[in-house]
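> need the 3D shape of this:
(2 chains)
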Amino acid sequence: MNLIDRYIYEVGRYLPRKNRADIQTELRSLLIDSLEARVEGEASEEEVVAFLREFGSPAKVAASYRPESQYLVGPELFPTFRMVVGIALLVLVVVHAVLFGLLLFTNPDFLQALDVLSNFVGNFLSVLGTIVVVFYAFQYFDVRLAKPSQDWDPRDLPVVDMKNTVNRGGTIFDIALELLILVAFLVFPNTIGAVVTPGTPILTDPVLTSYTPLIVAALMAGLVVNIVLLWRGRWETGTRLAKIAVNLFSIVVIAMLISGHAAWLAQHTGSGFFDLLGNLPISKITSSEQTLIIAMFAIQIALIIAMIITVIETIEVAYRFFRQMMGWDTALSSVEDQKTSPL
Amino acid sequence: MVNIMNSSEVYDRIVQELRRGVLVLATLSQLGEAKYGYSLINELAEQGLNIDQGTLYPLLRRLESDGLLQSQWNTEGSRPRRYYVISPAGARLLKRLSGEWRGLASVLDKLLSNCEGSET
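Numbers count the residues shown, from 1 in each chain, chains lettered A, B, ... in the order given. Here you go, the predicted structure:
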């Protein structure tokens, strides 16, 4: 019977204190009833072992005595929980990427910059832990984040409108990118486009530096429009017009930057930057000015890509705006017209 | 494509869900007079319904906390036993539930015989 005692005790360890003794007494009497019915006379150890195995592990038996729904974060809260974790992760990634970039610019010690990345894991875990604790508190005290579902009215549901739905992932990506560049420009205006070659003085991209106020203005305007878009969740006349205006402004700024870089490159490479490719591979490049030329060339290519993307996006938004104004779009649009903005 | 192990897991889960609802009905139906857990298991088994002990005992407690059963310790026998009996609220619920069950059973009978008929 010793095994039964140990079994009952172990079940009790998993039970809530409130009913523990009562359940243990009942379980003991039931187990003995059942065992006596199975075995004639005194049960051998093997028989008790087989019997208890069949009955189930203590943890499992105890679990069936507890309420059925025990959640850390239950199914009703989980979608919100996942969204909050996603946002926190995004913010942490952006913050750490910015810090990492800044340290790379300002500190020659590469290991110190790597430290930031290794801190990321620890920081993410502690933020995640905090979120879990908060949601567990919501779960425990049965806090409802949404309105009770009985009150809803089908007529309050938003109209299904694929054409005007904002691509959330793309918009969040845009915001992260804009924040990253913006922080870099605002915090270290003089080191943007800096090229560090060991043993030579730091050179900066003179074109980017001279246009900083315009670049910052374009980024901030884009950021505001994207945040509004994310918040509204759908395209409206105002946001379409704002997006077109911001994009046109960005196109002007990018065009100025491209022509600035082209002029600078023409001046420093003589017959244009394709000649420069003849100087490759990098091992041939000795002076930091030559490194700067390569960097400026890379920035130039990035600017051209940004220009193409912005122009395509602007045309698309303008086209949608035109369709909207002409009243060509019905609320329920066909599936193949669901394409959203490229970024 | 469902592999065999998966489909047997799915089968087990569905059978468990099916039985879970029925067990309440079976338990309430047999507790017109007070019984303790092991005697109830035996009685149900004798009539052809085998219930896992680990399922029935917690169920009795849950039904009691829902107010459908009443219980009392009886210390007269060789060891203390907890006897359960249906409460007035449980009896009312049982009446409604059995009507529900009979309706479901007859509809399902019809549905299943229809689908078996169309298969052959």
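> what's residue 76 sitting at in phi/psi?
This is for chain A. The phi and psi values for residue A:76, taken as degrees, to the nearest 10, are phi -70, psi -40.
> you answered for a different chain; I wanted chain B.
For residue B:76, the backbone dihedrals (degrees, to the nearest 10) come out as phi -80, psi -30.
> for the one 5 residues further on, same thing?
The main-chain torsion angles of residue B:81 are listed as degrees, to the nearest 10 and equal phi -130, psi 140.
> repeat for the one 3 residues further on
The phi and psi values for residue B:84, taken as degrees, to the nearest 10, are phi -110, psi 140.
> which element is the closest residue to residue A:216 other than its chain neighbours on?
Distances taken as CB to CB, 6 or more residues apart in numbering or on different chains place residue A:185 nearest to residue A:216, at 5.4 Å, with adjacent residues excluded. Heads up, the C-betas are built off the backbone N, CA and C, glycines and all. Using DSSP states H and E, residue A:185 sits within helix A:168-187.
> tell me which residues of the helix or strand residue A:61 falls within come out buried.
Using DSSP H and E, residue A:61 falls within helix A:58-65. Buried positions in helix A:58-65, judged by neighbour count with 16 or more other CB atoms under 10 Å in any protein chain shown: A:58, A:61, A:62, A:63, A:64, A:65.
> which of these come close to chain B?
A:61, A:64, A:65 (CB under 8 Å from any CB of the partner chain).
> want to throw the residues you listed into CSV with pLDDT?
Formatted as CSV, those follow (pLDDT from 0 to 100):
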residue, pLDDT
A:61, 88
A:64, 85
A:65, 85
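> for the residues you listed, which one is nearest residue A:211?
Nearest to residue A:211 among these: residue A:64, at 69.5 Å, using CB to CB.
> so what's that closest one closest to, chain neighbours aside?
Residue A:64 sits nearest to residue B:58 (CB to CB, 6+ apart), 4.3 Å away.
> just the element for that neighbour, please.
Under the assignment here (DSSP H and E), residue B:58 is part of helix B:53-65.
> the residue nearest to residue A:216 is in contact with residue A:215, isn't it?
Yes. At 6.2 Å, residue A:185 counts as touching residue A:215 under the criterion of CB atoms under 8 Å.
> the two: who's more crowded?
Taking other CB atoms under 10 Å in any protein chain shown, residue A:185 and residue A:215 do not tie; residue A:215 has more neighbours (21 against 17).
> got the contact list for the spatially most central residue of chain A?
Centroid check for chain A by CA atoms, centre = their mean gives residue A:90 as the closest residue, at 3.3 Å. Neighbouring residues of residue A:90 by CB atoms under 8 Å, 6 or more residues apart in numbering or on different chains: A:172, A:176.
> and the helices in the chain?
In the absence of a named chain, chain A is used. Along chain A, counting by DSSP state H, helices occupy A:2-13, A:20-38, A:45-55, A:58-65, A:78-106, A:110-140, A:168-187, A:206-210, A:212-232, A:237-269, A:273-276, A:288-326.
> my question was about chain B, not that one.
Assignment of helices within chain B using DSSP H yields the ranges B:4-30, B:37-46, B:53-65, B:88-119.
> so which residues on chain B come close to chain A?
Checking chain B against chain A by CB under 8 Å from any CB, the hits are B:36-38, B:41-42, B:53-55, B:57-58, B:61, B:79-82.
> overlap of the contact sets of residue A:185 and residue A:215?
When contacts are counted by CB under 8 Å, 6+ apart, the set common to residue A:185 and residue A:215 is empty.
> and the residue nearest to residue B:61 when sequence neighbours are not counted, what does it touch?
Leaving aside its chain neighbours, residue B:61 sits nearest to residue A:65 (6.6 Å; criterion: CB to CB, 6+ apart). Residue A:65 makes contacts with A:15, A:19, A:23, B:57, B:58, B:61, as judged by CB under 8 Å, 6+ apart.
> angle of the helix holding residue B:58 against helix B:88-119?
In terms of direction (axes from the mean of the first three to the mean of the last three CA atoms, to 10 degrees), helix B:53-65 departs from helix B:88-119 by 130 degrees.
> what about helix B:53-65, distance to the chain center?
Helix B:53-65 has its C-alpha centroid displaced from the chain centroid by 10 Å (CA atoms, centre = their mean, to the nearest Å).
> got a list of contacts for that helix?
Contacts of helix B:53-65 (CB under 8 Å, 6+ apart): A:19, A:23, A:26-27, A:30, A:34, A:55-56, A:60-61, A:64-65, B:23-24, B:27-28, B:37-38, B:40-41, B:69-71, B:84, B:90.
> where does chain B have low pLDDT?
For chain B, applying pLDDT under 70 flags the ranges B:1-5, B:117-120.
> nearest to chain A within it, name that residue for me.
Per CB to the nearest CB, residue B:38 is where chain B lies closest to chain A, at 3.9 Å.
> these two touch, right, that residue and residue A:38?
No. Using CB under 8 Å, residue B:38 is not in contact with residue A:38, being 11.1 Å away.
> who's more crowded, these two?
residue B:38 (20 against 13).
> which residues does that one contact?
A:30, A:33, A:34, A:37, B:53.
> and the last one, how many neighbours?
Each residue near residue B:53 was counted by other CB under 10 Å, and the total is 19.
> then the first one?
A count of nearby residues for residue A:30, using other CB under 10 Å, gives 22.
> before we move on, what about the third one?
Residues near residue A:34, counting by other CB under 10 Å, number 18.
> need the per-residue pLDDT for it.
You'll see residue A:34 listed with a pLDDT of 89.
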